[in-house]
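**Q** Got a predicted structure plus its sequence, pasted below:
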Amino acid sequence: MFGLALSAGQGFSGPIYRVDQVPEHFHEHYILRGYRQPKSSVSQCLLSLFDPTNETINIWTHFLPTCYFVYVTFQLWAVIDFAGDSYSWALLCYLFVCCAFPLASAVAHLFNVVSEQARHVCFFLDYSALSLFSFGAAVAYRAYSFPSSFLLSRSPVLVWYCDNYVTIAAFNAVLSTLLTCQTRFLTPSPTHKAMRLGAFAIPYFYDNIPILYRICLPYVWPGSLSESHSHGQGHAQLQGDQDDPSLSLGSHNLHARQFMFIGLAAFWYATHFPERLLPGMFDIVGHSHQLFHVCGILAVMDQLKAILLDFHHRRNFLEGLLPDQHTTLLPQGHWDAELWGNSVGLLTLVFWVNAAITVMFSIRLMYPGCKLKAR
């Protein structure tokens, strides 16, 4: 009973409680011990980083990745001119959300015992950061990872999809924040759990439609292109069912592997394995939320590596698609990764809309008679 053995009665932050000693709002499914003191001070929360509680590893499994993503960002900053190279702006947006979402999660898990209201506000912030991440990933995908058969297609449906992909991703991100925050006012139930999981799953699957196409359908659609198109700047021509050049990159396997990790993350989150099989054994180490964090971060690390490969190796191909006086390969007015408003501007807009939603739900907590229900 490893979890029970580690769950001491006293830690640096104060007493460590059993599930029957804390209010119901703080209960976690099948977790019997390792609860921190409700209404802890900020200093107690910080000291709990070194206590054997059921939240300690949740915090570290997102705080350490935050440090890693910040390190990667600084390393890339040294070799990429983010200020002067407009091609890199979408990557900068993606790096920002990679740093922001695990930090928000670590903060939420660290300070969610300050009060019952603070617990909900912390997770409002967590959900908002996750939805912002989904939008940042969509911006990076649209800028660097879209299949060439989508980008070169003359089909009105695909032209519309490519032009509106990021706008729909922004709508999905805002809707995800609204739905997930609302679930904290619902009674815990399978429906409530499905609603929260679905609010994250829909933006994720929408974002990854182009990536799934790259993995599952590795050829240009017959008839989707004219017999040949010059890419400009001496690029090779695509003809008929020739292999999509975006699939020849090392990013292919990384994009595929992230789906495996995200599937595992969803499994741990939805099923509460392994603690539901042996309640008490995995209270401190090895419960499902910790595994969910680890698999989610591994998925993002693969996604980041894949996007970096696409960013570097597809640059000539992607910049050759930009319309100028020599080519009319794409329709006028198409989505352009090198426009500030299509990347940084839209991310800023979604950030502030999510912030407003978080404030709105936080104010709602103060209403007389407001009942806090969901875990």
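**A** Received it, and whenever you're ready, just let me know what you need. Residues are numbered from 1 along each chain as shown.
**Q** Any stretches of this structure with poor pLDDT?
**A** For the chain, residues meeting the criterion pLDDT under 70 lie at 1-8, 218-249, 322-333, 369, 371-375.
**Q** Show me where it has its strands.
**A** 10-11, 14-15, 17-18, 33-35 (DSSP state E).
**Q** and those as JSON lines, adding distance to Ser149 and mean neighbour count?
**A** Quick note: C-beta positions are derived from backbone N, CA and C, even for glycine. As requested, these are arranged in JSON lines below (distance: least, C-beta to C-beta, whole Å; neighbours: other C-beta atoms under 10 Å):
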{"stretch": "strand 10-11", "distance to Ser149": "57", "mean neighbour count": "14"}
{"stretch": "strand 14-15", "distance to Ser149": "60", "mean neighbour count": "14"}
{"stretch": "strand 17-18", "distance to Ser149": "57", "mean neighbour count": "16"}
{"stretch": "strand 33-35", "distance to Ser149": "51", "mean neighbour count": "25"}
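**Q** okay, those strands in TSV with distance to Pro147 next?
**A** Listed next are those as TSV, based on distance: least, C-beta to C-beta, whole Å:
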stretch	distance to Pro147
strand 10-11	52
strand 14-15	55
strand 17-18	53
strand 33-35	47
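**Q** can you give me the helices for this protein?
**A** Counting by DSSP state H, one finds helices in the chain at the ranges 2-6, 42-47, 56-77, 89-111, 116-140, 148-152, 156-183, 190-207, 209-216, 251-271, 288-313, 315-319, 344-364.
**Q** rewinding a little: between the strands of the chain, which one is closest to Phe50.
**A** Of all these, strand 10-11 sits nearest to Phe50, with 7.7 Å by C-beta to C-beta.
**Q** how many neighbours does Ala256 have?
**A** 16 (other C-beta atoms under 10 Å).
**Q** check contacts around it.
**A** When contacts are counted by C-beta atoms under 8 Å, 6 or more residues apart in numbering, Ala256 touches Ile215.
**Q** Distance-wise, check it relative to Leu309.
**A** 13 Å (C-beta to C-beta, to the nearest Å).
**Q** Please apply the same query to Thr73.
**A** Counting by C-beta to C-beta - Thr73 and Leu309 are separated by 17 Å.
**Q** do the same with Leu76
**A** 13 Å.
**Q** Run a quick check on Ala118 versus Leu110, I expect a contact.
**A** No. Look at Ala118 against Leu110 with C-beta atoms under 8 Å: they stay out of range, at 11.0 Å.
**Q** what about those two, which has more around it?
**A** Using other C-beta under 10 Å, the more surrounded residue of Ala118 and Leu110 is Leu110, with 24 against 18.
**Q** Quick check: the more buried one touching Asp51?
**A** No. With contact defined as C-beta under 8 Å, Leu110 does not reach Asp51; the gap is 11.6 Å.
**Q** The spatially closest residue to Cys295 that is not a sequence neighbour: neighbour count?
**A** Nearest residue to Cys295, sequence neighbours excluded (C-beta to C-beta, 6 or more residues apart in numbering): Ala265, at 3.8 Å. By the criterion of other C-beta under 10 Å, Ala265 has 22 neighbours.
**Q** what sits against Ala265?
**A** 291-292, 295-296, 299.
**Q** Apply 7 Å and report the result again.
**A** 292, 295-296, 299 (C-beta atoms under 7 Å, 6 or more residues apart in numbering).
**Q** neighbour-wise, which of the residues you listed leads?
**A** Gly296 (24 neighbours).
**Q** Quick check: the gap between it and Met360.
**A** Distance of Gly296 to Met360, given as C-beta to C-beta: 27 Å.
**Q** Pro156 now?
**A** 38 Å.
**Q** These two: who's more crowded?
**A** Neighbours around Pro156 and Met360, counted as other C-beta under 10 Å, are more numerous at Met360. The numbers are 12 against 9.
**Q** coming back round to it: generate a markdown table for the helices of the chain, with distance to Arg18 as supplementary columns.
**A** Below are the helices of the chain laid out as a markdown table (distance: least, C-beta to C-beta, whole Å):
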| stretch | distance to Arg18 |
| --- | --- |
| helix 2-6 | 10 |
| helix 42-47 | 18 |
| helix 56-77 | 16 |
| helix 89-111 | 20 |
| helix 116-140 | 18 |
| helix 148-152 | 55 |
| helix 156-183 | 27 |
| helix 190-207 | 24 |
| helix 209-216 | 45 |
| helix 251-271 | 24 |
| helix 288-313 | 18 |
| helix 315-319 | 57 |
| helix 344-364 | 30 |
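**Q** and Arg33, which of those is closest to it?
**A** Using C-beta to C-beta, these put helix 2-6 closest to Arg33, at 6.2 Å.
**Q** My guess is Pro23 contacts Tyr35. True?
**A** No. Pro23 is beyond contact range of Tyr35, at 9.8 Å (criterion: C-beta atoms under 7 Å).
**Q** Not counting sequence-adjacent ones, nearest residue to Tyr165?
**A** In space, Tyr165 is closest to Arg142, 5.4 Å off (C-beta to C-beta, 6+ apart).
**Q** brain fart, Leu125
**A** Ala104 (5.2 Å).
**Q** now swap in Thr358 and tell me
**A** Per C-beta to C-beta, 6+ apart, closest to Thr358 is Phe124, 4.6 Å.
**Q** likewise Asn58?
**A** Nearest to Asn58 is His109, by C-beta to C-beta, 6+ apart, at 4.4 Å.
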